[in-house]
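> Just the structure for this:
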Amino acid sequence: MTDRAGVQRLSLPLRGVERPDPGVVDVWQIRQDRLPLAGLGMLAATTEGMEGRRMLRMQQRFLLRLLLGAYLGKAGRDVPIRRGRAGKPELIGGDASRLGFSLSHSGPWLAVAVSDGTPVGIDIEPSDRRPRWQRLARRYFPADEAETLCASDGDAGCRRFLAHWTAREALVKAAGRTLAGNVGGIGLSGDPGRGEPLAPARLPSDWPAPDRWQLASLGQDIPDGLIGHVAWPGERAPRLQRFELAAPG
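Numbering: from 1, shown residues only. This next block holds a predicted model:
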């Protein structure tokens, strides 16, 4: 089933999901607390502290293996995943060349990007999050970019900051790096507040040139007011196919 925003809703159990074509990234949006996976999502949502976060991570790992297994024609338990040097989950063996993937979570939402093997990164943030964004922008962003952002106060300024931040996190994930030592070397052009898409303008010196990286905003289709970006290396921005994983029935 496809809604007006072009999001295809698929129900559990998943079987035989086709691998994305070259130049395409499948973006999955999953509301964990609405899935009946042993009640983990609902239980985690009502459990405070470290135990609730642990249960949420358990469900995220379960869902990730379930999803990747549907692409690979395997049961989720047979999907081999390890943590890479930068802490990013990655497939092991021959499956690593068949699929690229990245995940991000915000509250009950889990977002997973899947490619045909091309490195990919995704990041989402809630639009109502209120970090000390002006301080963070001045600390981590180039001075001219930070000052432009900080000239916008209130909700509009914070939303612009979150767009810039998710773009940076997505780039770091696609590059297989960590935020530490890399985020401060990223500069972006464009202004989502004026309808201008973000694009890499400056990257750390040991990365490929900025024009070898592409960003795609998740736009208005992502639910609950979330803000997010997908990043990958290439000459053209990827085409996004959107999916939502729903409970059976």
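> hey, let's count contacts and neighbours off CA atoms from now on
Will do.
> Are there helices or strands packed against the helix of greatest length in the chain, and which ones?
Counting by DSSP state H, the longest helix found in the chain is helix 49-72. If you count contacts as 3 or more CA pairs under 8 Å, 6 or more residues apart in numbering; DSSP states H and E, helix 49-72 packs onto helix 40-46.
> Try it again at 10 Å.
Secondary-structure packing of helix 49-72 (3 or more CA pairs under 10 Å, 6 or more residues apart in numbering; DSSP states H and E): strand 24-31, helix 40-46, strand 81-83, strand 89-91, helix 95-98, strand 100-106, strand 109-115.
> give the contact list for the residue of the chain most remote from its centre.
Going by CA atoms, centre = their mean, the residue of the chain most distant from its centre is residue 151, 27.4 Å out. By CA atoms under 10 Å, 6 or more residues apart in numbering, the contact set of residue 151 is 134, 157.
> For residue 197, find the nearest of the helices and strands packed on helix 49-72.
strand 24-31 (17.8 Å; CA to CA).
> List the buried residues in the longest helix of the chain.
52, 55-57, 59-60, 63-72 (16 or more other CA atoms under 10 Å).
> which among the residues you listed gets closest to residue 80?
Ranked by distance to residue 80 (CA to CA), these are led by residue 65 at 8.3 Å.
> Ignoring the adjacent residues along the chain, who's closest to the closest one?
Among residues not flanking residue 65 along the chain, residue 76 sits closest, at 4.5 Å (CA to CA, 6 or more residues apart in numbering).
> Where in this protein is the helix or strand with the lowest mean pLDDT?
Least confident helix or strand of the chain, by mean pLDDT, DSSP states H and E, is helix 40-46 with a mean of 50.
> What spatial separation is found between the residue nearest to residue 12 when sequence neighbours are not counted and residue 120?
With CA to CA, 6+ apart as the criterion, residue 12 has its nearest non-adjacent residue at 5.2 Å, and that residue is residue 248. Computed as CA to CA, to the nearest Å, the residue 248 to residue 120 distance reads 29 Å.
> Looking at these two, which one has more neighbours?
Between residue 248 and residue 120, residue 120 has the larger neighbour count (other CA atoms under 10 Å), namely 27 against 11.
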